[in-house]
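>>> pasting the sequence and the predicted coordinates here, then a few questions.
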Amino acid sequence: MQVGIESISFYTSQYYIDLKTLARQNGEDPNKYYIGIGQERMSVPPPDEDVVTLAANATSQALEGIDVNTLDTLLFATESGIDQSKAAGIYVHELVQLPRNMRVFELKQACYSGAGGLALALPYLLHHPDSRVLIVASDIARYGLGSIGEPTQGAGAVAFVLSTNPKIMTIDMESGLYTNDVMDFWRPNYTDEALVDGKYSIKMYSAALRESWQQYVNITGRSFTDLHRFVYHLPFTKMGDKAHQFLVRYAGADLSEAEWKKQIDDAAIYQRYIGNTYAGSVFLALASLLDNSAEDLTHKRVGLFSYGSGSVGEFFTGIIQPDYQKHLKVDLHKSIVTNRQELDYDTYKEFYSFKSNLPSDGSKAMTPRYETGRYRFAGLDEHKRLYEVVQ
Ligand code: CAA
C-alpha cells in the first residue's frame, strides 16, 4: 500500500514589503537582498492575521473536494504558536468546521516539525488506511526591525492531506535523520523575535544536510542520480543554492551550473516573493516545484530536506504520481502570490509593532480590519483570542 500527499495548498498574507524598500531603510544595496540572499519580497501579516488565520485559509483550500469525515488527525506545526497550552489547530478545527471525532495537537521544533509530523503520519496511515491526516504548518517569521535576520522574515501556511490515495506524491518510508544540540537560532519564551547566529546557522544547516543525506544513502542504497529534483527548506532562496551546491560536491556529482540549478529552481519561485515560512517552508517549496515545473514530473523521485535550527534535519523522498497536475491549485496559488498590496516602510513598521501593543492584562482590544482571507483575528478579551469568519 502506498501513502503520501493527496492534496496541498498554501496561503500567505495579503501585504508585502519589497526588499528594496527595506534595503533603502537599512542603508544596504538592494542587490544584497535581491541577489546576495535571493529574496525580492516578504509577506507581512496585518494586525488581524496570525498563524491561525493563515492556517485556516490554507486548510480550507487544501480540503476542497476531500470528505472531511475521513480526517481523524490534525497536526499543527509551528514555531510561532499563540498559546503555551492550547494547540492553535483547535481554532482551525473550529473555523473550518471539522468533525468532532478527531485528535488535534501542536508540534514544535523550529522549522522542522511539519516534516516530523509527516514522518509519523505515514506508518499511522498504513494501520488506518481509511483515515486521512491533515498537516498544517503555519508561521510568522520575526527577527526584529533592523536586525540581520530582518530581510529573511516572511509569513505563510501550508496545509496538506496525507492518505492511502496519494494523488500527488507517494512518500518513501525510509529517511535520513540528524539531531545535534546547537544554538544557531532559537526563541526564548519571553521574546517574540528569534535570536540567531546567522553564519553559524548556515553551517549547521549544511552539516545536518550532509549527515541526514549520508544516512538516507546508507539505508536506501540510492544515490544522487536516483533523484530528479531537490526541494529544500528555504529560509531564503540563496540557502537552497548553497545547500544544493554542497550536496552536489559531497555526492561527487558532475553537473554544470545550469544542470544543478535546473534541479532546484522551480521549487524556489514562491519563496522568493513570500519569505521564510519556517515549518511550512519545505512544503511551500514542494508546492512551488509542482506548480511551476514545465516538465512533466510523473514517476520522478524528488528529494526533500527539512531543517529546523537547534537542530534537526531529515532527508526524505517521494515519487510524483500520474495526473498529479489535475490535483494542483496552480491558478489559486499564483493569484495568492500576485494579488497582494505593497506596503511602504512606515506601514510595515506599524504592522510589525502592532503585536506588542496588544494588552496582556485581560482587557478587551479589537483589531483594526485589513484585507485578509476568509478568517481574521478579531481581537482579545479576558485573555481569550477571538476569531471571525469574513462574510
Ligand atoms: N550584491 C550582491 N550580493 C551581495 C551584495 C551586493 N551588493 N552585498 C552582499 N552580498 C552577498 C554576500 O556576499 C553574501 O553572499 P554569500 O553568502 O554567498 O557569501 C550575501 O549577500 C549575504 O551577505 P552577508 O553574509 O553579509 O549578510 P548578513 O550578514 O546580513 O546575513 C543572513 C545574511 C545570515 C542570511 C541573515 O539574514 C540571517 O541571519 N538570517 C536568518 C538566519 C537564517 O535564515 N539562517 C539560515 C540557516 S538556519 C535555517 O534554515 C532555519 C531557519 O529557517 C531560521
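Great, that's in hand.

>>> can you pull up the most central residue in this structure?
For the chain, the residue nearest the mean C-alpha position is residue 280 (1.3 Å; Cα atoms, centre = their mean).

>>> which positions in this structure make contact with the ligand?
The chain comes close to the ligand at residues 29, 31-32, 35-37, 111, 148-149, 151-152, 184-185, 196, 198-199, 201-202, 205, 233, 235-236, 239, 276, 278, 307, 309, as judged by Cβ under 6 Å from any ligand atom. For every residue, glycine as well, the C-beta is placed using N, CA and C.

>>> can you tell me how far the residue in the stretch 1-150 of the chain that the ligand sits nearest to is from residue 28?
At 2.0 Å from the ligand, residue 36 is the closest residue in the stretch 1-150 of the chain, using Cβ to the nearest ligand atom. Relative to residue 28, residue 36 is positioned 9 Å away (Cβ to Cβ, to the nearest Å).

>>> so which bits of whichever helix in the chain runs longest are buried?
The longest helix of the chain (DSSP state H) is helix 198-220. Going by neighbour count (16 or more other Cβ atoms under 10 Å), the buried part of helix 198-220 is 201-202, 204-213, 215-217, 220.

>>> quick one: strands adjacent to the strand or helix carrying residue 307?
Secondary-structure assignment from DSSP states H and E places residue 307 in strand 301-308. Strand 301-308 has the following strand partners under DSSP bridges: strand 229-232 (parallel), strand 312-320 (antiparallel).

>>> could you dump those strands to CSV with mean neighbour count and mean pLDDT?
Below are these laid out as CSV (neighbours: other Cβ atoms under 10 Å; pLDDT from 0 to 100):
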stretch, mean neighbour count, mean pLDDT
strand 229-232, 25, 98
strand 312-320, 24, 98
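
>>> turn those into TSV, columns for distance to residue 161.
As requested, those are exported to TSV (distance: least, Cβ to Cβ, whole Å):
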stretch	distance to residue 161
strand 229-232	18
strand 312-320	14
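
>>> residue 343: which of the ones you listed is closest?
strand 229-232 (27.9 Å; Cβ to Cβ).

>>> after the closest one, which helix or strand is next?
Remark: after strand 229-232, the chain's next helix or strand is helix 237-250, criterion DSSP H and E.

>>> that following helix packs against which elements?
helix 198-220, strand 229-232, helix 257-264, helix 269-274 (3 or more Cβ pairs under 8 Å, 6 or more residues apart in numbering; DSSP states H and E).

>>> could I get those as JSON lines with distance to residue 156?
Below are these laid out as JSON lines (distance: least, Cβ to Cβ, whole Å):
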{"stretch": "helix 198-220", "distance to residue 156": "20"}
{"stretch": "strand 229-232", "distance to residue 156": "16"}
{"stretch": "helix 257-264", "distance to residue 156": "20"}
{"stretch": "helix 269-274", "distance to residue 156": "5"}
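
>>> out of those, nearest to residue 76?
Per Cβ to Cβ, nearest to residue 76 of the helices and strands packed on helix 237-250: helix 269-274, 19.3 Å.

>>> thought the residue nearest to the centre of the chain was touching residue 140?
No. Using Cβ atoms under 8 Å as the test, residue 280 is too far from residue 140 to be in contact (10.7 Å).

>>> rewinding a little: show me what the longest helix of the chain packs onto, helices and strands only.
Checking 3+ Cβ pairs under 8 Å, 6+ apart, helix 198-220 ends up next to strand 176-179, helix 237-250, strand 301-308, strand 312-320.

>>> what angle do it and helix 237-250 make?
50 degrees (axes from the mean of the first three to the mean of the last three Cα atoms, to 10 degrees).

>>> what's the closest non-adjacent residue to whichever residue of the stretch 151-300 of the chain sits closest to the ligand?
Closest to the ligand within the stretch 151-300 of the chain is residue 198: 2.4 Å, counting by Cβ to the nearest ligand atom. Take residue 198 and drop its neighbours on the chain: the residue closest to it by Cβ to Cβ, 6 or more residues apart in numbering is residue 148, 5.4 Å away.
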